[in-house]
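Trainee: no sequence for this one, just the structure:
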């Protein structure tokens, strides 16, 4: 096992990690935003006149999850190019 | 194991990761958007007159999940070509 | 196994860890903020007139999770460049 | 396996540990603060007039979790630089 | 495997252990303080006039978990420097 071989091997592991990492971040976003969105639907059905408040709170909390998940996927893309 | 062999091996792992990663991202999107869509159906059934509000909130939250999941799949495609 | 080979190998593990670490942080943020957001939706549906109080408490607690998760992702990016 | 090789190898394991450690700390904070925040939302919905008391208790207990989680992430950053 | 090599190798495992140990301590604190905080929120919602008693009991029991978790993280930091 010389240096060139090892470099080729590690690139395989790094790419494997990048692909799986990006998809785990998508699972995290799906779990989190899914819960929030489902609760928002039920809340609008119970109080249709508060739908503006509910929608803005939904977007704020979903955007917080979105921010972390997107940054995680970008980290995985960085792994490919660094 | 020389460098050429290792390069061939790592490409196998990278492709494996890309394929599994893309499918995990699809699982994440399915779990998340599935919950939101199911809740939206029930909500429209309970309050048919609020269906416009419910539909627009559903599209916003589903689009947030879609964005992360899509970007994750694109990262997996990138793994194949970089 | 000489020093250069080992250095090439360790970089692979470090990159694998960075990609998986960033995505686990996103899963943590999704789980935590998802719970808070879903509870906030239900709370606004039950007490629409307290939506201001609920939203500000939601943002405070979600921001605490966001802070740790973001710092964890940044640590993972640091791993790539240090 | 000589000393230089081992030093290069251990750096890989240390970086892997730092990345995973930071993300596990974020999962811990997400689980803990998520539970507290969700309970606080429900509590405000049940007793809107006690929202001040509830919010201050929420911030105290969430800050305790935040403190440990942040210190753990900083320990992981220390691992990279020491 | 001579003495110098072994020293370099053990340092890698020690750093890996320090990072993971600190994050497991944070998970423990999150699980414990999270349960206490969530129960305190519900208790204040049920008996708002006892909020002083509830908050002080919450702080005492959460501080006990905090103390152990913090000392565990400090032990992990010590691992890096000793």
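Mentor: That came through, no problem. As the structure is a computational prediction, the values presented were derived from the model and not from experiment. Numbering: from 1, shown residues only, chains lettered A, B, ... in the order given.
Trainee: gap between residue A:16 and chain C?
Mentor: 7 Å (CB to the nearest CB, to the nearest Å). In short, each C-beta sits where N, CA and C put it, glycine included.
Trainee: Have a look at chain A and report its longest helix.
Mentor: In chain A, with assignment by DSSP state H, the single longest helix is helix A:3-46.
Trainee: how about that one, does it get close to chain D?
Mentor: No - applying CB under 8 Å from any CB of the partner chain, one finds helix A:3-46 separated from chain D by no less than 8.9 Å.
Trainee: That helix vs helix C:3-46, what angle?
Mentor: Angle of helix A:3-46 versus helix C:3-46, following axes from the mean of the first three to the mean of the last three CA atoms, to 10 degrees, is 0 degrees.
Trainee: where are the low-confidence patches of chain A?
Mentor: Along chain A, the model assigns pLDDT under 70 to residues A:1.
Trainee: Next, name the residue at the spatial heart of chain A.
Mentor: Of all residues in chain A, the one closest to the mean position by CA atoms, centre = their mean is residue A:69, 2.9 Å from it.
Trainee: before we move on, the earlier item: run the chain-centre distance for the longest helix of chain A.
Mentor: 5 Å (CA atoms, centre = their mean, to the nearest Å).
Trainee: how about residue A:48, what does it touch?
Mentor: Going by CB atoms under 8 Å, 6 or more residues apart in numbering or on different chains, residue A:48 touches B:47, B:49-50, B:53.
Trainee: Grab the nearest non-local neighbour of the residue of chain A found nearest chain C.
Mentor: When scored by CB to the nearest CB, chain A has residue A:10 as its residue closest to chain C, at 2.4 Å. Once flanking residues are discounted, residue A:10 sits nearest to residue C:12: 2.4 Å by CB to CB, 6 or more residues apart in numbering or on different chains.
Trainee: Run a quick neighbour tally on the one you found.
Mentor: 24 (other CB atoms under 10 Å in any protein chain shown).
Trainee: and if you look at the one 4 residues further on?
Mentor: Other residues lying near residue C:16 total 27 when counted by other CB under 10 Å.
Trainee: Now do the contacts for it.
Mentor: Residue C:16 sits in contact with A:13-14, A:16-17, D:16, where contact means CB under 8 Å, 6+ apart.
Trainee: how many neighbours does the closest residue to residue A:81 other than its chain neighbours have?
Mentor: Of all residues beyond its chain neighbours, the one nearest residue A:81 is residue B:82 (7.1 Å), with distances taken as CB to CB, 6+ apart. Neighbour count for residue B:82, taken as other CB under 10 Å: 13.
Trainee: For residue B:75, see how far away whichever residue of chain A sits closest to chain B is.
Mentor: Closest contact between chain A and chain B, by CB to the nearest CB, is at residue A:12 (2.5 Å). Distance, residue A:12 to residue B:75, using CB to CB, to the nearest Å: 16 Å.
Trainee: isn't residue A:65 right up against residue C:34?
Mentor: Yes - in this structure residue A:65 lies within contact range of residue C:34 using CB atoms under 8 Å: 6.7 Å.
Trainee: Please convert the contacts of residue A:48 to JSON lines, extending it with distance to chain C, secondary structure and neighbour count.
Mentor: Shown next, in JSON lines, are the contacts of residue A:48 (distance: CB to the nearest CB, whole Å; DSSP: H, G, I helix; E, B strand; the rest coil; neighbours: other CB atoms under 10 Å in any protein chain shown):
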{"residue": "B:47", "distance to chain C": "12", "secondary structure": "coil", "neighbour count": "17"}
{"residue": "B:49", "distance to chain C": "17", "secondary structure": "helix", "neighbour count": "8"}
{"residue": "B:50", "distance to chain C": "12", "secondary structure": "helix", "neighbour count": "18"}
{"residue": "B:53", "distance to chain C": "13", "secondary structure": "helix", "neighbour count": "21"}
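Trainee: Now distance to chain A too, for those residues, in CSV please.
Mentor: Formatted as CSV, these follow (distance: CB to the nearest CB, whole Å):
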residue, distance to chain A
B:47, 5
B:49, 7
B:50, 4
B:53, 4
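Trainee: Compile those residues into CSV and extend it with columns for distance to residue E:43.
Mentor: Output for the contacts of residue A:48, formatted as CSV (distance: CB to CB, whole Å):
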residue, distance to residue E:43
B:47, 34
B:49, 39
B:50, 35
B:53, 35
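Trainee: Buried residues of whatever helix or strand residue A:62 lives in, list them for me.
Mentor: Assigned by DSSP states H and E, residue A:62 belongs to helix A:51-81. Using 16 or more other CB atoms under 10 Å in any protein chain shown as the test for burial, helix A:51-81 gives A:51, A:53-55, A:57-62, A:64-80.
Trainee: and it, what does it pack onto?
Mentor: With contacts taken as 3 or more CB pairs under 8 Å, 6 or more residues apart in numbering or on different chains; DSSP states H and E, helix A:51-81 sits against helix A:3-46, helix B:51-81, helix C:3-46, helix C:51-81.
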